[in-house]
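Undergrad: got a structure for you, letters missing:
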Ligand code: MN
Ligand code: MN
């Protein structure tokens, strides 16, 4: 067989586009699955061109090398005492990751597969099928690593279990994933999943956390997630060619709306997951950058450059986003810690004296806004009143992002105006609460898409959670006694600092 260069045959083998004669085009590519883009001529989609080219043979070779790399690190770690020596706060960060991320990759598998069938160009379908294979790998290798840790720590079972529960954090994550990945047409998926979520946000969790993991010495987790991110960086490239074609076809407003919706949803998800992990769970001496600094580097600088290069604009709520960057994840963190019996990891409070200094340096005003709250918690811990540090009532949750509604003085948060109640609207005979103007705006873009979803609190009020007690709620969320979250360091951080003896 003659050995041709890939560039000699690639376009010919890839561009299997033709005009359908036996079925109408919109029967093979129904608008429900493709998206409302009937105005864009079919032939224009055939100009879709991915920046990074790859043959199947190369794909298989690369992927098997990557798997072998992660496997070798895992085998070495299994023989060592490394896991036992890892900081308890960091263990919380990786358990939160496994639960929130592993089966979400399975939802991405379906989204990629849908683009692999209904993508509007052969080149796009080809890339998407590689993407589907990538995402299957991400489910499998993360389950494999979590499974290998199970005998040391039962909380790792949530890598598999989380998405099968009605845990509040998973309801929020699933709501995000269903909107952007699972229940989405292919054009919107290319922009919301691959462009916004993967080009923008996954860098935070997968590159940022990998940097922290290597600092800490958790080489297995570091190798695992950096291996995943190399795939993400490749299949994320489906977004840009799709966006270019929409923009060439006069669909700027539509493209911008898809970005504005998905950026906000991804922001809230990552503020809850990556925010506490970086700024509270990662041991102080191993923090590479603050969450806000990672956001500034990966999102504000790099991702926004990309958006502006394409001629698009920052989302309309940019100032609100910049404001939230200073407080949102601090609230999420305090909330998760306060409701720690509802999560499958042990959250690290992360507010010892040295950590508070770091937080104040990275987030000027932190002490005034959040330090006082932690002072009260610290007093309760020292006075043996742990009961005062655990939530017994439920917070009001946002009917869009499903996360708590926070009210922080001096910020754009929660209320419609200082001192007012959270923003609420009536729709179809039901009252909805929203944590922010953008969450309310997303709802108004397509109320029927979101109207039937319910928060844990809605379900409690409707009588779906029985018995309607704190214990009943925890059981409803799938949390069993063996995995129930508690403070990562057994409250060591709250003890008065012992002066060094000379
Ligand atoms: Mn993935
Ligand atoms: Mn992906």
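TA: Looks like it arrived, so ask away. Computed from a prediction, not measured in an experiment: that's the story for all the values here. Ligands and ions are numbered 1, 2, ... in the order given.

Undergrad: which sections of this protein are below the confidence cut-off?
TA: By pLDDT under 70, the low-scoring segments of the chain are 1-2, 412-421, 498-502.

Undergrad: Tell me who's in contact with whichever residue of it sits closest to ligand 1.
TA: With C-beta to the ion as the measure, residue 138 is the residue of the chain nearest to ligand 1, at 3.9 Å. Heads up, the C-betas are built off the backbone N, CA and C, glycines and all. When contacts are counted by C-beta atoms under 8 Å, 6 or more residues apart in numbering, residue 138 is found next to 102, 105, 108, 228, 231.

Undergrad: 6 Å - rerun?
TA: Counting by C-beta atoms under 6 Å, 6 or more residues apart in numbering, residue 138 touches 105, 228.

Undergrad: Would you mind measuring from it to ligand 2?
TA: In this view, residue 138 and ligand 2 are 7 Å apart by C-beta to the ion, to the nearest Å.

Undergrad: Could you list the buried residues of the helix or strand where that residue lies?
TA: Element membership for residue 138, per DSSP states H and E: helix 122-149. Neighbour counts over helix 122-149 (16 or more other C-beta atoms under 10 Å) mark 122-139, 141-143, 145-146, 148-149 as buried.

Undergrad: same thing with stretch 201-210?
TA: Going by neighbour count (16+ other C-beta under 10 Å), the buried part of stretch 201-210 is 201-210.

Undergrad: so how far is the first residue of stretch 307-327 from its last?
TA: 25 Å (C-alpha to C-alpha, to the nearest Å).

Undergrad: I would like the residues contacting it, please.
TA: Contacts for stretch 307-327 (C-beta under 6 Å, 6+ apart): 243, 256, 260, 263, 292, 295, 363, 408, 411-412, 438.

Undergrad: where exactly do the helices run in the stretch 1-150 of the chain?
TA: Secondary structure of the stretch 1-150 of the chain (DSSP state H, counting those that start in this stretch): helices at 6-14, 25-28, 31-34, 42-45, 56-78, 82-85, 88-118, 122-149.

Undergrad: Residue 300: which of those is closest?
TA: Nearest to residue 300 among the helices of the stretch 1-150 of the chain is helix 88-118 (22.9 Å), distances taken as C-beta to C-beta.

Undergrad: close to ligand 1, is that closest one?
TA: Yes: Helix 88-118 lies within reach of ligand 1 by C-beta under 5 Å from the ion, at residue 105.

Undergrad: And that helix, what does it pack against?
TA: Judged by 3 or more C-beta pairs under 6 Å, 6 or more residues apart in numbering; DSSP states H and E, helix 88-118 is in contact with helix 122-149, helix 158-161, helix 168-177, helix 186-189.

Undergrad: Flag every buried residue along that helix.
TA: 89-109, 111-116, 118.

Undergrad: Name the residues of the stretch 1-150 of the chain found near ligand 2, please.
TA: residue 108.

Undergrad: Quick check: the residue of the stretch 1-150 of the chain nearest ligand 2.
TA: Counting by C-beta to the ion, the stretch 1-150 of the chain gets nearest ligand 2 through residue 108, at 4.7 Å.

Undergrad: Give me the neighbour count for residue 214.
TA: 16 (other C-beta atoms under 10 Å).

Undergrad: Can you name the next helix or strand after the stretch of helix or strand it belongs to?
TA: Residue 214 is part of helix 209-216, with elements assigned from DSSP H and E. Next helix or strand after helix 209-216 toward the C-terminus (DSSP H and E): helix 219-235.

Undergrad: is ligand 2 contacted by the next helix or strand after that following helix?
TA: Going down the chain from helix 219-235, the next helix or strand is helix 239-248, by DSSP H and E. No: Helix 239-248 lies apart from ligand 2 when judged by C-beta under 5 Å from the ion; the minimum separation is 10.8 Å.

Undergrad: Now do the buried residues in helix 239-248.
TA: 239-247.

Undergrad: for that helix, packing partners?
TA: If you count contacts as 3+ C-beta pairs under 6 Å, 6+ apart, helix 239-248 packs onto no helix or strand.

Undergrad: let's have the chain start at 23 instead
TA: Sure thing, new numbering starts at 23, so read that last one as helix 261-270.

Undergrad: quick one, what contacts the closest residue in space to the residue of the stretch 23-172 of the chain closest to ligand 2 that isn't next to it in sequence?
TA: Counting by C-beta to C-beta, 6 or more residues apart in numbering, residue 157 is the residue found nearest to residue 130 once chain neighbours are left out, at 4.3 Å. Neighbouring residues of residue 157 by C-beta under 6 Å, 6+ apart: 127, 130-131, 134.

Undergrad: For the stretch 273-422 of the chain, which residue gets nearest to ligand 2?
TA: For the stretch 273-422 of the chain, C-beta to the ion, closest residue to ligand 2: residue 288, 12.5 Å.

Undergrad: What is whichever strand or helix holds that residue packed up against?
TA: Assigned by DSSP H and E, residue 288 falls within helix 274-298. Packing partners of helix 274-298 (3+ C-beta pairs under 6 Å, 6+ apart): helix 350-360.

Undergrad: Swap in 7 Å and give it another go.
TA: If you count contacts as 3 or more C-beta pairs under 7 Å, 6 or more residues apart in numbering; DSSP states H and E, helix 274-298 packs onto helix 190-199, helix 261-270, helix 350-360, helix 459-467.

Undergrad: okay, those in JSON lines with distance to residue 408 next?
TA: Shown next, in JSON lines, are these (distance: least, C-beta to C-beta, whole Å):
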{"stretch": "helix 190-199", "distance to residue 408": "21"}
{"stretch": "helix 261-270", "distance to residue 408": "47"}
{"stretch": "helix 350-360", "distance to residue 408": "12"}
{"stretch": "helix 459-467", "distance to residue 408": "33"}
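
Undergrad: okay, these in a markdown table with distance to ligand 1 next?
TA: Shown next, in a markdown table, are the helices and strands packed on helix 274-298 (distance: least, C-beta to the ion, whole Å):
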| stretch | distance to ligand 1 |
| --- | --- |
| helix 190-199 | 12 |
| helix 261-270 | 14 |
| helix 350-360 | 22 |
| helix 459-467 | 24 |
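
Undergrad: do you know which of those lies nearest residue 207?
TA: Nearest to residue 207 among those is helix 261-270 (11.5 Å), distances taken as C-beta to C-beta.

Undergrad: Could you list which residues are in contact with residue 461?
TA: Neighbour list for residue 461: 420, 422-423 [criterion: C-beta atoms under 7 Å, 6 or more residues apart in numbering].

Undergrad: Give me every residue in this protein lying close to ligand 1.
TA: Counting by C-beta under 5 Å from the ion, the chain sits next to ligand 1 at 127, 157, 160.

Undergrad: And the first one, how close does it get to residue 46?
TA: Going from residue 127 to residue 46 by C-beta to C-beta, to the nearest Å gives 35 Å.

Undergrad: same check, this time on the last one
TA: With distances taken as C-beta to C-beta, residue 160 is found 37 Å from residue 46.

Undergrad: Check the second one too.
TA: Note on residue 157: its distance to residue 46, by C-beta to C-beta, is 31 Å.

Undergrad: about what we covered before: looking at the buried residues of stretch 223-232, which one is closest to ligand 2?
TA: residue 224 (6.9 Å).

Undergrad: which residues in the stretch 323-472 of the chain form helices?
TA: Using DSSP H, counting those that start in this stretch, helices in the stretch 323-472 of the chain cover 326-331, 340-346, 350-360, 375-384, 388, 394-404, 459-467, 469-472.
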